[in-house]
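Novice: Give me the fold of what follows.
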Amino acid sequence: ILSDYNSTSLDLGSTATFRDLSKPMGVQNSSHVEEIKQKFENFEDPTGTVAKFHYGTHYSNSAMVLHYMVRVEPFTTLHINLQSGRFDVADRQFHSIPQTWRGLMNNINDVKELIPEFFYFPDFLLNLNFFDLGKLQGKKEVVSDVILPSWAANVDDFIRQHRAALESEYVSAHLHEWIDLIFGHKQKGKAAEDAMNVFYYCCYEGAVNLDAITDPAEREALEGMIQNFGQVPCQLLKEPHPARISYTEFCSRLNKSDHRRPDLLKYPTKWRPYFVEMAEERNPLLYLNHPLKQAKYYLGYGNVDSLVSISSDCTIGVHYWLPYDKNTPNYFYLEKDATITTKASKKLPGPFSRSLKFKPEMFAVTPDARFVVYGGSWDFSLRVYSLAKWKEAGASIRHTGLVMCVGMDEGGLHCITGSQDSTAIVWEINAHQDMASLKIVQTLYGHDGPVCAVVLSMCLDLAVTGSKDGTVNVHSVKDGEYLRTLRHPGLDITFTIDLLTLSYQGHVIFTGHTPDNHSMHVYTLNGRHVASTHITHRITGLVSSGDYVLSGDENGDLNLLDLFTLRVSKNLPLQLPVQTVSLTRGNTHILVPLRDGKLIVVGLSGLPDTALA
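Specialist: Numbering: from 1, shown residues only. Just a heads-up that it's a prediction; the model follows:
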């Protein structure tokens with residue numbers, strides 16, 4: 001994607017920052033063009049077996065993957081096996097990103113592309129396993145962590161900026177040209193010859209009929225060649241790939257849309273809070289959720305969603321929500337469930353433990369908005385409540401202590417519970433019409449105190465649990481295997497976990513407190529510390545989205561923090577303690593119930609304009 005690995009800052013507005021995506025890597029250096037062209041024109045195989053080619057090596061093969069991934073198992077072992085039982089010579093190791101780019105520019109035979117890990121996996125650039133990779137011959141420097149470009153502060157910053165470059169305007173305008181080379185009409189034939197994009201014949205699908213080779217030795221040699229040289233992917237397109245629409249065009253379409261709003265986390269300077277009278281001060285909302293996969297309801301205002309709320313006395317509310325309504329001054333529509341303050345209100349059936357103090361973490365709503373899953377019952381059960389029939393739909397008793405927290409997977413078919421008995425259980429939710437059964441998938445152990453925070457991701461195969469013993473444990477869901485414990489080394493034994501969440505990339509974000517202070521911490525799934533910060537007041541709401549962390553506290557502050565540094569990029573004082581924090585679909589609004597019963601809806605001021613969107 002990039003060609004600038006030397007500047008102290010990365011200018012994504014300059015075309016000089018980027019490689020030419022219309023050309024393969026072999027001719028990024030213009031001084032190589034004539035030599036490669038002559039090689040192609042002058043090549044002739046007397047047997048007629050080998051067709052003309054520009055490059056005898058390929059841009060993607062197993063050795064190249066092992067070259068980049070040498071610091072991470074199992075690639076380390078595979079690399080050692082490939083090198084006859086030892087690491088390759090240090091000078092040939094992947095030790096510097098700027099040096100790798102210079103090598104690509106200077107070596108006419110080096111045509112490798114990047115691997116996906118350059119855009120999401122910072123740990124492959126670190127020698128976390130402390131492998132002895134040798135010393136460089138000239139400077140006698142030890143090869144350890146990969147040397148980064150000057151514009152990257154650390155590995156997380158490199159991945160973040162590299163991903164930003166991938167989403168930049170220049171790449172958006174030219175990525176289709178690269179697709180044409182790799183997957184499209186310039187992969188083969190005359191168009192490939194004109195683009196100087198022809199590789200050794202064995203690299204192409206169907207170029208060799210292995211079944212027709214009767215000599216075992218010849219077949220084995222050819223198979224090894226194909227495996228080691230790499231293969232061109234299947235040709236998907238015979239016509240030029242269309243260009244992605246420009247950012248300006250995207251903004252224009254967004255402005256014309258009657259139901260779409262931009263992601264407000266990207267525009268914190270444009271935030272504007274609106275307040276809605278939702279509940280009484282003596283019975284404020286404790287939990288509020290916008291289920292993401294619910295069926296639509298049609299009112300005169302358009303297709304509306306439901307917001308599900310639970311008050312401090314376990315009264316349930318189902319409110320109508322429309323994120324964009326140009327007929328109202330605040331540009332959204334929210335119709336309150338009028339029954340929550342009347343005798344016709346519905347409550348979650350108990351009885352609940354008398355010693356229990358209700359918290360938002362005890363409740364979860366399935367993404368289809370059909371069921372509420374909750375704990376806190378006196379008999380230690382996990383219960384399911386139907387929002388369609390307004391009755392209990394299922395229950396199961398497997399814990400030997402109070403269920404203190406519930407976490408829902410985004411798919412809605414699984415949830416996780418944490419209990420006073422120091423265990424966590426992953427459940428499968430089997431819904432049939434308006435009833436639901438609960439089946440245990442895994443029981444997770446490892447804490448010395450009550451489990452007070454849980455999060456589940458079936459997509460990442462992860463169950464993460466936080467305990468009052470101050471630790472965060474990470475387990476796999478499929479095998480129930482314990483992976484690691486996260487505990488910040490600077491914290492004393494009185495530290496206890498409060499809230500826990502996962503980023504879309506798998507960062508573990510947790511808050512907690514000691515008798516003297518409160519803090520927030522970010523770790524990778526591999527246990528590498530990313531950031532920590534001390535905070536003044538206890539966090540009562542925690543959400544992660546994209547590269548942001550959104551928190552609300554008992555002092556009434558709503559904060560937007562950077563995921564990788566935990567620096568506050570926006571503070572919105574709301575004056576009263578925050579009960580919880582929730583994001584609507586598409587991050588169009590932030591929903592913040594306050595302790596006095598009001599709901600703060602944070603949106604963008606006015607209609608989106610071109611500069612804003």
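
Novice: Under the pLDDT cut-off, which ranges of the chain? List them.
Specialist: Counting by pLDDT under 70, the ranges of the chain that qualify are 255-260, 296-302, 606-613.

Novice: Just say helix, strand or coil for Gln38.
Specialist: Here Gln38 takes the helix state, with states given by DSSP: H, G, I helix; E, B strand; the rest coil.

Novice: Can you report how many residues lie near it?
Specialist: Taking other Cβ atoms under 10 Å as the criterion, the count of residues near Gln38 is 10. Placement of C-beta: from N, CA and C, glycine included.

Novice: Glu281 too?
Specialist: By other Cβ under 10 Å, the residues close to Glu281 number 11.

Novice: which residues of the stretch 101-250 of the chain fall in helices?
Specialist: Applying DSSP state H, counting those that start in this stretch to the stretch 101-250 of the chain gives helices spanning 155-166, 169-182, 189-194, 216-229, 247-256.

Novice: Make CSV out of the ones you listed and add distance to Ser7 and mean neighbour count.
Specialist: As requested, these are arranged in CSV below (distance: least, Cβ to Cβ, whole Å; neighbours: other Cβ atoms under 10 Å):
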stretch, distance to Ser7, mean neighbour count
helix 155-166, 12, 18
helix 169-182, 15, 18
helix 189-194, 33, 14
helix 216-229, 35, 13
helix 247-256, 23, 13
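
Novice: Which one of those helices lies nearest to Pro240?
Specialist: Evaluated with Cβ to Cβ, those place helix 169-182 nearest to Pro240, the distance being 5.9 Å.

Novice: can you give me the offset of the closest one from its chain's centre?
Specialist: Here the centre of helix 169-182 is set off from its chain's centre by 24 Å, with Cα atoms, centre = their mean, to the nearest Å.

Novice: Next, the angle helix 247-256 makes with that helix.
Specialist: Helix 169-182 and helix 247-256 are oriented at 110 degrees to each other (axes from the mean of the first three to the mean of the last three Cα atoms, to 10 degrees).

Novice: Return the list of helices and strands in contact with helix 169-182.
Specialist: Here helix 169-182 touches no other helix or strand, going by 3 or more Cβ pairs under 8 Å, 6 or more residues apart in numbering; DSSP states H and E.

Novice: Give me the contact list for that helix.
Specialist: 1, 12-13, 15, 17-18, 21-24, 165, 186-187, 195, 197, 232-233, 237, 240-244, 246-247 (Cβ atoms under 8 Å, 6 or more residues apart in numbering).

Novice: which of these are buried?
Specialist: Among those, those that count as buried by neighbour count (16 or more other Cβ atoms under 10 Å) are 1, 12, 17-18, 21, 23-24, 165, 186-187, 195, 197, 232, 241.

Novice: Dump those residues into JSON lines; add distance to Gln442 as well.
Specialist: Shown next, in JSON lines, are the buried ones among the contacts of helix 169-182 (distance: Cβ to Cβ, whole Å):
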{"residue": "Ile1", "distance to Gln442": "40"}
{"residue": "Leu12", "distance to Gln442": "44"}
{"residue": "Thr17", "distance to Gln442": "47"}
{"residue": "Phe18", "distance to Gln442": "46"}
{"residue": "Leu21", "distance to Gln442": "45"}
{"residue": "Lys23", "distance to Gln442": "50"}
{"residue": "Pro24", "distance to Gln442": "47"}
{"residue": "Ala165", "distance to Gln442": "40"}
{"residue": "Lys186", "distance to Gln442": "49"}
{"residue": "Gln187", "distance to Gln442": "45"}
{"residue": "Ala195", "distance to Gln442": "52"}
{"residue": "Asn197", "distance to Gln442": "49"}
{"residue": "Val232", "distance to Gln442": "42"}
{"residue": "His241", "distance to Gln442": "44"}
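
Novice: Which two among those are spaced furthest apart?
Specialist: Taking every pair in the buried ones among the contacts of helix 169-182 and measuring Cβ to Cβ, the maximum separation is 30.1 Å, between Leu12 and Val232.

Novice: Give me the spatial nearest neighbour of the spatially most central residue of the chain, chain neighbours excluded.
Specialist: The geometric centre of the chain, computed from its C-alpha atoms, lies nearest to Tyr504 (Cα atoms, centre = their mean), at 2.2 Å. For Tyr504, the nearest residue in space outside its immediate sequence neighbours is Gly546; the separation is 6.8 Å by Cβ to Cβ, 6 or more residues apart in numbering.
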